[in-house]
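Colleague: coords below, sequence missing:
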């Protein structure tokens, strides 16, 4: 009976540990997936801006955001990256996102461009939420 209880506790413990590790992998994957979506949507916005009259105005900002999102993913996937590296890379993404948002406001872009920008915003906000969530977890450990 004691052996059964011992092994009875072992299985839930293994499941709990596996869940924690899966959660960590999912978190990084989720953040990476959001960054990939941001990169893709920003490139799409940049590509479609070529058809806009004001194409030069936000095209460069959209491309720069896509490149920062790509760089962020590279940092995130680098096993040598520290929390500070990830935070710094996200700060670059955030700066570019807000710069693009300001440019979109200034140019009063078409409805189509604004709809595409919504996809950019949704991906950025997903990244921001995940960074906040991870930040709270990091600070809870200290």
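Modeller: Ah, there it is. Note that the structure is a prediction, hence the values are computed from the model and not measured. Numbering: from 1, shown residues only.

Colleague: residues making contact with stretch 95-112?
Modeller: Contacting residues not belonging to stretch 95-112 are listed as 38, 42, 48, 52, 54, 57-58, 61-62, 64-65, 68, 113-114, 117, 120-121, 124 [CB atoms under 8 Å, 6 or more residues apart in numbering]. The way it works is simple: take the backbone N, C-alpha and C, and place the C-beta from them, glycine included.

Colleague: and the gap between residue 30 and residue 115?
Modeller: 24 Å (CB to CB, to the nearest Å).

Colleague: more crowded one of the two?
Modeller: Taking other CB atoms under 10 Å, residue 30 and residue 115 do not tie; residue 30 has more neighbours (16 against 11).

Colleague: tell me the pLDDT of the nearest residue to the more buried one once chain neighbours are set aside.
Modeller: In this structure, residue 30 finds its nearest non-sequential neighbour in residue 130, 5.8 Å apart by CB to CB, 6 or more residues apart in numbering. pLDDT for residue 130: 94.

Colleague: neighbours of residue 130, how many?
Modeller: Neighbours of residue 130 (other CB under 10 Å): 19.

Colleague: what's the answer for the one 4 residues further on, then?
Modeller: Residue 134: 19 surrounding residues under other CB under 10 Å.

Colleague: roughly how far does residue 29 sit from residue 66?
Modeller: 20 Å.

Colleague: which of the two has more neighbours?
Modeller: Comparing residue 29 with residue 66 by neighbour count (other CB under 10 Å), the higher total belongs to residue 66, at 23 against 12.

Colleague: secondary structure element for that one?
Modeller: Per DSSP states H and E, residue 66 falls inside helix 55-77.

Colleague: in that helix, what's buried?
Modeller: Neighbour counts using 16 or more other CB atoms under 10 Å place 55, 57-59, 61-70, 72-73, 75-76 of helix 55-77 among the buried residues.
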